[in-house]
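Colleague: my questions concern the predicted model and sequence given below.
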Amino acid sequence: MEAEGVLEILAALESAGVRVWLDGGWGVDALLGAQSRDHADLDLIVDIVHVQRLQETLVAIGYRLKPGGTTANFVLIDDGGRDVDVHPIEFDESGFGLFELGDGRRWPFPAAAFEGQGVICGREVLCLSPDAQVQCHAQGYTRTENDLRDMELLQQKFGVVLPIGLCR
């Protein structure tokens, strides 16, 4: 996914009134303020109440739902093979974002996790905070070399503490 594609998606969602936060590789690069590597997809966090509007908006710009998703995580893809990996979050009355895990448990993110500010090609974007990025990357999957490098870059710029599983 190229930066122009990310900005196209964000502009469409903003026009539709759908607020999203960048996660994953583009979330890291937005926090860093520059693209550090190529990205296979775009990871988005969205308030669960806006999932349907997000899907409708992306379908209108050429995306379709990829088979195999769940309510906790689904992917939309366009004819060019660009993936948008969506993670719905339910916000509670205290501002915590509750993410449903595959086993049915709910993982709470504090309100501060959604205060990340980043930049892509000069455009300000919302993203998960550096600490929240670390927490997400430390859980539930085998990290790649890109993941480890992304975490090192966050550590260098923001001084985040990396758990041992994110250190080389």
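Modeller: That came in fine, so what should we check first?
Colleague: now what about the one helix or strand P108 maps to, what contacts it?
Modeller: If you go by DSSP states H and E, P108 is part of strand 106-109. If you take CB atoms under 8 Å, 6 or more residues apart in numbering as the criterion, strand 106-109 is touched by 89-90, 92, 96-101, 128, 132, 135, 139. To be clear about C-beta, it is placed using only N, CA and C from the backbone, and glycine gets the same treatment.
Colleague: widest-spaced pair of those residues?
Modeller: The largest separation in the contacts of strand 106-109, counting by CB to CB, is between D92 and Q139 at 19.9 Å.
Colleague: please enumerate the strands of this protein.
Modeller: 20-23, 41-47, 63-65, 74-78, 83-91, 97-100, 106-109, 116-120, 123-127 (DSSP state E).
Colleague: next, name the residue at the spatial heart of this structure.
Modeller: Nearest to the geometric centre of the chain sits D23, at 2.2 Å (CA atoms, centre = their mean).
Colleague: hang on, it packs against V134?
Modeller: No. With contact defined as CB atoms under 8 Å, D23 does not count as touching V134 (11.8 Å).
Colleague: now do the contacts for A3.
Modeller: 35, 120-121.
Colleague: now swap in G118 and tell me
Modeller: Residues near G118 by CB under 8 Å, 6+ apart: 22, 27, 29-33, 124-127.
Colleague: could you dump those residues to JSON lines with neighbour count?
Modeller: Shown next, in JSON lines, are the contacts of G118 (neighbours: other CB atoms under 10 Å):
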{"residue": "L22", "neighbour count": "25"}
{"residue": "G27", "neighbour count": "28"}
{"residue": "D29", "neighbour count": "23"}
{"residue": "A30", "neighbour count": "26"}
{"residue": "L31", "neighbour count": "23"}
{"residue": "L32", "neighbour count": "18"}
{"residue": "G33", "neighbour count": "13"}
{"residue": "E124", "neighbour count": "9"}
{"residue": "V125", "neighbour count": "21"}
{"residue": "L126", "neighbour count": "17"}
{"residue": "C127", "neighbour count": "28"}
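Colleague: good, we can wrap up now.
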